[in-house]
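Q: need a structure here:
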Amino acid sequence: MSFIDTVFRPMAGPMVDRWGQAATFVAVTGEGTYDDTTGEITTSETRTPVKVVITKVDPTEYGGLYQATDWKVYIDPGQIGDHYITTKDRFEVQTAGVTVVAKVINPVTYRGDGPILFACIARPQ
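A: Below is the predicted model:
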């Protein structure tokens, strides 16, 4: 762990806790099991209540690869047991009495295996 990790990692949790909103992080693990009869793939999921900060993505960010409806979701890795977020995972957020499911399309972190904060790009489904 570098000096920057030591200094800044403890800050992420309190910031997200103060300004975040309630959500559920759904971690999908494994490749899943294919059912020949139904044609469906069953995966193993772990649901964790979390707090996240959600902002809009500017379509011009990241070379214009994203849609105006995409979200940038900030989450403290400590809330999810230091699980490394992948594109299999998703967030569920209550908005106006409706559960919005946002699939992670790009888990962004600049600290490699020991992220200080995730800034995931997620697409509401």
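
Q: And the next helix or strand past the lowest-mean-pLDDT helix or strand in the chain?
A: Least confident element among the helices and strands of the chain, by mean pLDDT, DSSP states H and E: helix 3-19 (a mean of 74). Downstream of helix 3-19, the next assigned helix or strand under DSSP states H and E is strand 21-34.

Q: Can you give the contact residues for that following strand?
A: 40-54, 73, 75, 79-80, 83, 85-86, 88-94 (C-beta atoms under 8 Å, 6 or more residues apart in numbering). Just so you know, the C-beta spots here come from the backbone N, C-alpha and C atoms, and that holds for glycine as well.

Q: now stretch 76-95
A: The contact list for stretch 76-95 (C-beta under 8 Å, 6+ apart) reads 12-13, 15-17, 21-29, 43, 46, 48, 50-52, 54, 73, 75, 99-107, 109, 113, 115-118, 120, 122.

Q: Quick check: buried residues in that stretch?
A: Asp76, Pro77, Gln79, Ile80, Ile85, Lys88, Asp89, Arg90, Phe91, Val93 (16 or more other C-beta atoms under 10 Å).

Q: Stretch 23-35 now?
A: Ala23, Thr24, Phe25, Val26, Ala27, Val28.

Q: and if you look at stretch 50-68?
A: Val50, Lys51, Val52, Val53, Ile54, Val57, Tyr66.
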